[in-house]
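In: here is a sequence together with a model predicted from it:
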Amino acid sequence: MLLVERRPGTSRHTKARLVNARTMEIFRALGIEGQVLAAGEPNGGFTVADTLAAEHETWIPAPAEDDTADLSPSPAWSCDQQRIEPLVRDRAHELGADVRFAHTAHIQSQDADGVNAVIEGHAVRARYLIAADGAHSPTRTALNIGWSGESLPGTAVSALFHAHLEPALRGRHTEALFARSACAFLFARGNASGRSWQLGTHVSGSDPDDLDQHVRDTIRAASGIPDLQPVIDDIATWRTGAYVASQLRAGRAFLVGDAAHVMPSYGGFGGNTGVQDAHALAWRLAFACRGDDTWLASYETERLPVARRTVSQALLRSRKTPGAPPPPEQIDATTLVLGFHYGTGGVEDPASPSGEPGTRAAHIRLRDGRSSLDLFDPTTFTTLEVPADIVTSEDLPRWERVYRQAVTIRPDGVLAAHPSPAPSTSALRQKLSLMPGRLVSSYVV
Ligand SMILES: Cc1cc2nc3c(=O)[nH]c(=O)nc-3n(C[C@H](O)[C@H](O)[C@H](O)COP(=O)(O)OP(=O)(O)OC[C@H]3O[C@@H](n4cnc5c(N)ncnc54)[C@H](O)[C@@H]3O)c2cc1C
């Protein structure tokens, strides 16, 4: 597998930080969950205040361990994208992927057997192409795939900085704080062993003439320390919006991540949804490369409704006054992330898993301390025929609902329809292990 990225390395600007439980389960299957845990810290919730120095009011409480321990073996976590990308890159290297930075790719054409692209002046032919080339995806444009939605007013500004904020914090920890007085967010970055900060704000119209000064003034106003001297590490500006591609596939080319959907950062769903797209596509392509392309069509039918729902939920959250209660149409983040029901386009309560095909195989704690998610193989179909005494009597009703009879689980941890193909694929394992482009992947041929 060849993966090319036009930038010289992984992302310099820390973007995503909230890693939801579903993404952590994917990192677990990939073998990097422990490294992501070490590089980040527990999710600390959201607060609202006039300034960082003022009294903090809880807005979205930090999830208690007990909240999700019943639903997933992997906790939702706070870890900067900037720190995750090198972990994914290194894992991709270890598994044999050919990862090339400072390489730009352009799709040229495709036919019934493959895709033609040009990479740094060299013609490349591949069986399939994954476009993970971001919101302005040149591949999406080249493939004539539609893109509809709405832009949000103004320009988003994100500034990474270091500053001595302890006089404002006075021993308190805040993960994310909306400072009313500055109409801006302050996000803690890094972790206790190396703390930096991020300002998130908006300016109306285009960038102000002196963006650096504007950022410094806003940090001072948000922190409540008028003479603060922040050290600005990086400033990024971009126009935000809520858009979804009209299709996720054109022939042998597939869209994932921001190339397929962009959303306001409220809820922290953007990068997570991209990782989950790549995960949903990788095993299908591995099967196709082994001669079974029957699973390719369902990538779009399963993931497009998820993209539409997630974008509309992020948009809903972006319209809400920080601190205000959620509107009735807001789906809670846990249901949105773990309760997908492929095939119906809807969601179910992950605390009461139906065991229906198309739903996520539920996490149930086994007597030996492992998770039911550790019983299946992430590279192939697994048919589980395990005795019910593997779980405690308390968990037995849930176990029997989900893992009754001989249930078959797809490589992406989704319950398969009965009867389901269970290809024997020892060679496939090798193939799939070469697919973990995810966050670092931009253009995969
Ligand atoms: C401030 C901020 C906070 C965020 N917070 C969260 C959060 O908490 N949780 C969350 O889930 N998401 C969050 N997001 C969203 C998340 O960062 C994005 O959804 C994610 O980066 C999208 O990944 P991607 O790989 O699809 O696209 P991108 O990150 O845009 O990467 C696309 C890459 O493609 C490369 N490229 C483009 N064209 C070519 C070409 N022709 N050849 C080679 N390379 C090419 C580009 O150089 C780029 O590196 C946040 C975003 C921002 C900006």
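Out: Arrived safely. Numbers count the residues shown, from 1 in each chain.

In: near the ligand, which residues of the stretch 1-150 of the chain are found?
Out: In this structure, the stretch 1-150 of the chain approaches the ligand at residues 4-7, 15-18, 81, 104-105, 132-134, 138, judged by C-beta under 6 Å from any ligand atom. C-beta here means a position set from N, CA and C on the backbone, and glycine is covered the same way.

In: let's see it at 5 Å
Out: Contact residues, the stretch 1-150 of the chain versus the ligand (C-beta under 5 Å from any ligand atom): 5-7, 15-18, 104-105, 132-134.

In: list the buried residues in stretch 30-40.
Out: 30, 32-33, 35-37, 39-40 (16 or more other C-beta atoms under 10 Å).

In: likewise stretch 139-155?
Out: 139-140, 142-143, 145, 147, 149, 152, 155.

In: domain-wise, how is this structure divided?
Out: Domains of the chain are assigned by automatic domain parsing as 2-46+74-148+248-297+432-444, 47-73+153-239, 333-429.

In: remind me which residues of the stretch 151-300 of the chain are low pLDDT?
Out: Applying pLDDT under 70 to the stretch 151-300 of the chain flags the ranges 205-208.

In: what pLDDT does the model give the nearest residue to Gly268 once chain neighbours are set aside?
Out: The spatial neighbour of Gly268 that comes closest, neighbours along the chain excluded (C-beta to C-beta, 6 or more residues apart in numbering), is Leu18 at 3.2 Å. Predicted confidence (pLDDT) at Leu18: the value is 93.

In: what segments of the stretch 251-400 of the chain are helices?
Out: 270-289, 297-318, 333-338, 396-402 (DSSP state H, counting those that start in this stretch).

In: thinking again about what came up before, of the buried residues of stretch 139-155, closest to the ligand?
Out: Thr139 (7.1 Å; C-beta to the nearest ligand atom).

In: what sits against the closest one?
Out: By C-beta atoms under 8 Å, 6 or more residues apart in numbering, the residues touching Thr139 are 107, 129, 131, 133, 253, 255, 259, 443.

In: if we use 7 Å, what do you get?
Out: 107, 131, 133, 253, 259, 443 (C-beta atoms under 7 Å, 6 or more residues apart in numbering).

In: ok, what's across the strand from the second one?
Out: What it means is Ala131. In this entry, Ala131 is beta-bridged to Leu255, Tyr443, by DSSP bridges.

In: the first one now?
Out: With DSSP bridges applied, Ile107 shows beta-bridge pairing to Ala117.

In: Gly114 is in contact with that one, correct?
Out: No - if you go by C-beta atoms under 7 Å, Ile107 and Gly114 don't touch, sitting 11.4 Å apart.

In: between the two, which has more neighbouring residues?
Out: Ile107 (22 against 17; other C-beta atoms under 10 Å).

In: measure that one to Arg125 for me?
Out: Going from Ile107 to Arg125 by C-beta to C-beta, to the nearest Å gives 11 Å.

In: just the terminal-to-terminal distance for stretch 371-390.
Out: One end of stretch 371-390 sits 11 Å from the other (C-alpha to C-alpha, to the nearest Å).

In: list the buried residues of that stretch.
Out: By 16+ other C-beta under 10 Å, the buried positions in stretch 371-390 come out as 371-373, 375-376, 378-382, 384, 390.

In: number of nearby residues for the spatially closest residue to Glu33 that is not a sequence neighbour?
Out: The shortest distance from Glu33 to any non-neighbouring residue, by C-beta to C-beta, 6+ apart, is to Phe27 (4.6 Å). Counted with other C-beta under 10 Å, residues neighbouring Phe27 total 26.

In: Phe27 belongs to a helix, doesn't it?
Out: Yes - with DSSP: H, G, I helix; E, B strand; the rest coil as the criterion, Phe27 is part of a helix.

In: returning to what we had before: please identify the deepest-packed of the domains of the chain.
Out: Among these, ranked by average contacts under mean count of other C-beta atoms under 10 Å, first place goes to domain 2-46+74-148+248-297+432-444 (a mean of 20).

In: for the stretch 151-300 of the chain, just list every one of the strands.
Out: Remark: strands assigned in the stretch 151-300 of the chain by DSSP state E, counting those that start in this stretch are 155-162, 176-179, 184-191, 194-203, 231-238, 241-245, 249-250, 253-255, 261-262.

In: now Glu57: phi and psi?
Out: Backbone geometry at Glu57, expressed as degrees, to the nearest 10, gives phi -110, psi 140.

In: what pairs with the closest residue to it other than its chain neighbours across the strands?
Out: In this structure, Glu57 finds its nearest non-sequential neighbour in Val48, 5.0 Å apart by C-beta to C-beta, 6+ apart. Under DSSP bridges, the beta-bridge partners of Val48 are Glu57, Phe178.

In: which residues does stretch 27-46 contact?
Out: Here stretch 27-46 has contacts from 18-19, 24, 58-63, 74, 76-79, 83-84, 87-88, 91, 173-176, 191-192, 378, 436, using C-beta under 7 Å, 6+ apart.

In: contacting residues around Gly257?
Out: 132, 274, 277-278.
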